[in-house]
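*Asks:* Model the following, please.
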Amino acid sequence: MNKVDLVNSIAKKAGTTKKTAESMLDAFTNTVTKTVSKGEKVTLIGFGSFAPLVRSARTGRNPRTGKTINIPAKKVPKFAPGKAFKDALRK
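*Replies:* Model prediction:
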């Protein structure tokens, strides 16, 4: 499913226009992105949680040359599915 399919599904289930559904989806993704980028966690009970995760610096290996390289620390987004979401996939 891509964004267009998701917008169509939201519009149909919410009984609203596609334009309104797209605005709601954009507002949701922008809010989650902004909140997680500030270092805060977003929790949707039953669905899951979005949180920032800090990966520590480490050494790696260039696969072409075999040379050791330093990989810097960085922040990445993490999604942890909720119980209801996990249970829905098990059926």
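*Asks:* CA atoms for contacts and neighbours, from now on please.
*Replies:* Will do.
*Asks:* pLDDT score assigned to the closest residue to residue 60 other than its chain neighbours?
*Replies:* Take residue 60 and drop its neighbours on the chain: the residue closest to it by CA to CA, 6 or more residues apart in numbering is residue 69, 5.2 Å away. We have a pLDDT of 95 for residue 69.
*Asks:* Double-check that residue 69 belongs to a strand.
*Replies:* Yes - assessed by DSSP: H, G, I helix; E, B strand; the rest coil, residue 69 belongs to a strand.
*Asks:* Do you know the pLDDT at the residue nearest the centre of the chain?
*Replies:* What sits nearest the mean C-alpha location of the chain, by CA atoms, centre = their mean, is residue 79, with 5.6 Å. Looking at residue 79, its pLDDT reads 97.
*Asks:* from memory it sits against residue 44, does it?
*Replies:* No - the pair residue 79 / residue 44 is not scored as a contact, 11.0 Å apart, by CA atoms under 8 Å.
*Asks:* quick check: domain ranges of the chain?
*Replies:* Recorded structural domains for the chain (assignment: automatic domain parsing) are 1-38, 42-91.
*Asks:* Nice, that's everything, thank you.
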